[in-house]
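**Student:** Coordinates for the following, if possible.
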Amino acid sequence: MPQEMPAPDDAHLAFIALGANLTHPVEHVRAAGEALASLRESRRLRISSLYRTAPIGIRDQPDFINAVAMLQTRLTAPQLLDALFAVEHAFGRRRDFHHAPRTLDLDLLLYDDLIVDSPRLLLPHPRMHLRAFVLVPLLEIAPDCRIPGRGRAAAWLPAVSRHRVERLDD
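**Tutor:** Numbers count the residues shown, from 1 in each chain. The predicted model follows:
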């Protein structure tokens, strides 16, 4: 159960990408959305529809199921990243190689308007503006979203218009 929500003056707005393509990905993404709703000192405000998307990088793997969630949190960005890694671990996430198939992938996309470039954390997520599987669900729940240093998220849709993104029926 979520803890009491912070007052607006110490709350932060974060967006998380959810994705999976192994072991019942639809169920994993839905369950991960519920796990995000239960993070300490956080409240899930919205979650997008589910989308089926083609894999990027290694093509010989199953399609992905993706979504984006909007959270209000009192956690710092590094604390939130740790919490996301813990959720991934609970779902059996392994990091065998880059673009590998996965049971669950949670990426911290945005945290307020914060820009961070450290070995452990990059904000905004460095490739989010080039991924239809991020932009389409993000814009569903936050149509006026801006990406720090890049402008309106919607302005990047033409760059990803050739990517296959199929909204799943609820």
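**Student:** residue boundaries of the helices in the protein?
**Tutor:** Secondary structure of the chain (DSSP state H): helices at 25-37, 77-90, 132-141.
**Student:** For the ones you listed, give me CSV that also has distance to H12 and mean neighbour count.
**Tutor:** Where C-beta positions appear, they are placed from N, C-alpha and C, glycine not excepted. As requested, those are exported to CSV (distance: least, CB to CB, whole Å; neighbours: other CB atoms under 10 Å):
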stretch, distance to H12, mean neighbour count
helix 25-37, 14, 19
helix 77-90, 8, 17
helix 132-141, 17, 22
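**Student:** for these, which one sits closest to R150?
**Tutor:** helix 132-141 (11.1 Å; CB to CB).
**Student:** which residues touch that closest one?
**Tutor:** Applying CB atoms under 8 Å, 6 or more residues apart in numbering, the contact partners of helix 132-141 are 15, 17, 19, 46-49, 51, 53, 56, 64, 66-70, 107, 109, 125, 128-129, 145, 153-154, 156-157, 160-161, 163-165, 167.
**Student:** Distance check, P158 against R152.
**Tutor:** 12 Å (CB to CB, to the nearest Å).
**Student:** Looking at the two, which is more packed in?
**Tutor:** Between P158 and R152, R152 has the larger neighbour count (other CB atoms under 10 Å), namely 13 against 8.
**Student:** List the contacts of the more buried one.
**Tutor:** Contacts of R152 by CB under 8 Å, 6+ apart are D144, C145, R146.
**Student:** pLDDT value on it, please?
**Tutor:** For R152, the pLDDT comes out at 98.
**Student:** That one and A67: what is the separation?
**Tutor:** Distance, R152 to A67, by CB to CB: 21 Å.
**Student:** ok, now D117?
**Tutor:** Counting by CB to CB - D117 and A67 are separated by 26 Å.
**Student:** between those two, which one's more packed in?
**Tutor:** For D117 versus A67, neighbours defined as other CB under 10 Å are more numerous around A67 (24 against 8).
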